[in-house]
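Undergrad: Next one to model:
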Amino acid sequence: MDGTKDATRDTARAGGSGRRGPVVAALMLAMALAALDSTIVSTAVPQIVGDLGGFSVFSWLFSGYLLAVTVTLPVYGRLSDTFGRKPVLVAGAALFLLGSLLCALAWNMAALIAFRVVQGLGGGALQGTVQTLAADLYPLKDRPKIQARLSTVWAVSAVAGPAVGGLLASYADWRWIFLVNLPVGAVALWLVVRHLHEPRRESDGTRPRTDWAGALTVFGCGGVLLTALVQGGVAWPWLSAPSLALFGTGAVLLAAVVAVERRAADPIMPGWVWRRRTIAAVNLALGALGLLMVAPTVFLPTYAQSVLGLAPVAAGFVLSVWTLSWPVSAALSQHVYRRIGFRDTALLGIGTSALILFAFPFLPYPGAAWQPALLMLLLGGALGLFQLPLIVGVQSTVGWSQRGTATASVLFCRQSGQTAGAAVFGAIANGVLAARLGGASDLDSVTRALDAGTGTGAAAGAGVADEALRRAVAEAVHAVYLGAAGAAALAFLVLLILAPRKFPVLTD
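TA: Numbering: from 1, shown residues only. All right, here's what the predicted structure looks like:
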């Protein structure tokens, strides 16, 4: 079946317009599960550690989940193109719910981390397949509507997740953070099974072949390299034996991925993903997006508390304002890209983002909370113009039989960029802190200095007691934001040079 015929059957494959409502509700619930799970656990960490112990490894509650989601995205994308969206989404949701139940039953930190990985294995199917089905449900002119709804789900989850996690941990039990997934996921599963009907696929008489060797090598390579990035400079120095061993193993596995995928009849990571200019350019640009997102999401709350002297709730508000402007801008972006095209709309968004990120280090010291909040509001609006047109544009250049793989490659690159950004910008911030704090040379020394210098103070807004430390934190965050501005500029150049001005959109 050619790409144009694939495109004309998208709505029929998703069950027809008459069943869109329940299916869209299921997609939003499934997306909420994946989005909430990225934030809801954070505020319950003290209660979890107090009950299970394992403070030294609790960061793997987040890292393990992120790694599992990231490395499974390309696998699920290819499987959805081969066997259909519904079986992949149902299997992924069931695995996610099983992981949630096991997390609630965990007896120690090691078990909880292992079960979080199980959750992540299902979460990869939720993220990738939901985004692909969103494109299947609607023709090009209507896709911004469903994408804006999904963006809103992420925005609400980013704001509500920490609050819900804190309430459950404080007034119930931290295990309810995972148990609450069960009824929500059950409703989503029921809606998918009942209302999502994919017609029988046309067969050429050959049995679909699954590239399990490719799936295992992709999974192993991604897991090893992402582990090296997550743990490097944290659990061990960058040039230590564990880091070198992981990067070396990752390089060997990467070569194995290339060799296996070249020989596979139906590869998990097909070469056309990188041979097509449009998809390759968008993959690289959204990898840079993941990189720059680390600056506000990871370092702005520290800046707000340590430099501005805000309480944790107020610091969270400074960050969360971008979740207000991002979905609004994404929803309105269709009016821009219909006039000037996908690429130029994305260039407008990422160019504006680079200027906003570059402006952050020039804020007055120590400044007022509304100043970084205003920049975050503007940044959310700019990134809404950048991300959504690229995702919709890529999905519109491929037919049904390739859309899962194309969507998964985009999400995989964004997630990988975010993981790499946490490592790179963490090293930059630690280096600046160490230099400004009198030559502290390792992360433990800097952490002890921060612990000693940070306090609420007797007076409101006392913030960081040590002025030198306060300025060091400000300079470290400024350096990170300059790096994020550089990542935005890199994304701008990639799109300008590699992406075609007009995306080769298939006819609906």
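
Undergrad: Any chance you could list what contacts stretch 246-263?
TA: Residues external to stretch 246-263 that are found in contact with it (C-beta atoms under 8 Å, 6 or more residues apart in numbering): 211, 213-214, 217-218, 220-221, 224-225, 227-228, 231-232, 267-271. In this view, the C-beta of every residue, glycine as well, is placed from N, C-alpha and C.

Undergrad: Let's see which of these end up in helices.
TA: Assignment to helices by DSSP state H places the following of the contacts of stretch 246-263 there: A213, G214, T217, V218, G220, C221, V224, L225, T227, A228, Q231.

Undergrad: Quick check: of these, which has the highest neighbour count?
TA: In terms of neighbour count, V218 stands highest of the ones in helices among the contacts of stretch 246-263 at 27 neighbours, by other C-beta atoms under 10 Å.

Undergrad: hang on, it packs against P74?
TA: Yes. Checked against C-beta atoms under 8 Å, the pair V218 and P74 is within contact range at 5.9 Å.

Undergrad: Mutual contacts of these two, please.
TA: Common contacts of V218 and P74, defined by C-beta under 8 Å, 6+ apart, comprise I268, M269.

Undergrad: Please report how far the closest residue to L496 other than its chain neighbours lies from A499.
TA: Across the structure, with C-beta to C-beta, 6 or more residues apart in numbering as the measure, the residue nearest L496 apart from its sequence neighbours is L347 (6.4 Å). For L347, the distance to A499 (C-beta to C-beta, to the nearest Å) stands at 9 Å.

Undergrad: which residue ranges form the strands in the chain?
TA: When secondary structure is read from DSSP state E, the chain shows no strands.

Undergrad: model confidence over the helix ranked longest in it, on average?
TA: Counting by DSSP H, the longest helix found in the chain is helix 400-436. Mean pLDDT, computed over helix 400-436, is 83.

Undergrad: Was I right to think V398 contacts A408?
TA: No. The criterion here is C-beta under 8 Å, and V398 misses it with A408 at 11.7 Å.

Undergrad: who has more neighbours, the two?
TA: Residue environment comparison for V398 versus A408 gives the larger neighbour count to A408, 30 against 26, counting by other C-beta under 10 Å.

Undergrad: Does that one touch T72 like I think?
TA: No. When contacts are counted by C-beta under 8 Å, A408 is not listed as touching T72 (9.1 Å).

Undergrad: Leaving out sequence neighbours, find the closest residue to P46.
TA: A169 (7.8 Å).

Undergrad: so what's the one you found up against?
TA: By C-beta under 8 Å, 6+ apart, the residues touching A169 are T43, A44, P46, Q47, I48, I177.

Undergrad: From Y138, how far off is the residue lying closest to R143 once chain neighbours are set aside?
TA: Closest residue to R143 apart from its sequence neighbours, by C-beta to C-beta, 6+ apart: V392 at 5.0 Å. With the distance defined as C-beta to C-beta, V392 ends up 10 Å from Y138.

Undergrad: now A44
TA: Spatial separation of A44 from Y138 under the definition C-beta to C-beta is 37 Å.

Undergrad: who's more crowded, these two?
TA: Each of A44 and Y138 has its neighbours counted (other C-beta under 10 Å); A44 has more, 25 against 22.

Undergrad: From V318, how far off is the more buried one?
TA: Here A44 is placed at a distance of 22 Å from V318 (C-beta to C-beta).

Undergrad: Check A476 too.
TA: The span separating A476 from V318 equals 17 Å under the rule C-beta to C-beta.

Undergrad: and if you look at P296?
TA: Noted for P296: a distance of 9 Å to V318, by C-beta to C-beta.

Undergrad: Kindly report the same for P87.
TA: 43 Å.

Undergrad: if you count what's nearby, which of the two comes out ahead?
TA: A count of neighbours by other C-beta under 10 Å puts V318 above the other of P87 and V318, at 25 against 15.

Undergrad: In the longest helix of the chain, which residues are buried?
TA: Of the residues in helix 400-436, those buried by neighbour count under the rule 16 or more other C-beta atoms under 10 Å are 400, 402-426, 428-430, 432-434, 436.

Undergrad: And the helices in the stretch 201-350 of the chain, which stretches?
TA: Secondary structure of the stretch 201-350 of the chain, counting by DSSP state H, counting those that start in this stretch: helices at 212-231, 241-263, 272-275, 277-294, 300-306, 312-320, 322-340, 342-359.

Undergrad: Adding mean pLDDT and distance to A485, write those out as JSON lines.
TA: Supplementary listing: the helices of the stretch 201-350 of the chain in JSON lines, determined by pLDDT from 0 to 100; distance: least, C-beta to C-beta, whole Å:
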{"stretch": "helix 212-231", "mean pLDDT": "79", "distance to A485": "21"}
{"stretch": "helix 241-263", "mean pLDDT": "86", "distance to A485": "27"}
{"stretch": "helix 272-275", "mean pLDDT": "84", "distance to A485": "27"}
{"stretch": "helix 277-294", "mean pLDDT": "92", "distance to A485": "8"}
{"stretch": "helix 300-306", "mean pLDDT": "81", "distance to A485": "14"}
{"stretch": "helix 312-320", "mean pLDDT": "73", "distance to A485": "18"}
{"stretch": "helix 322-340", "mean pLDDT": "85", "distance to A485": "16"}
{"stretch": "helix 342-359", "mean pLDDT": "94", "distance to A485": "4"}
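
Undergrad: can you list those in a markdown table and add distance to V57?
TA: Output for these, formatted as a markdown table (distance: least, C-beta to C-beta, whole Å):
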| stretch | distance to V57 |
| --- | --- |
| helix 212-231 | 11 |
| helix 241-263 | 15 |
| helix 272-275 | 35 |
| helix 277-294 | 22 |
| helix 300-306 | 21 |
| helix 312-320 | 23 |
| helix 322-340 | 30 |
| helix 342-359 | 33 |
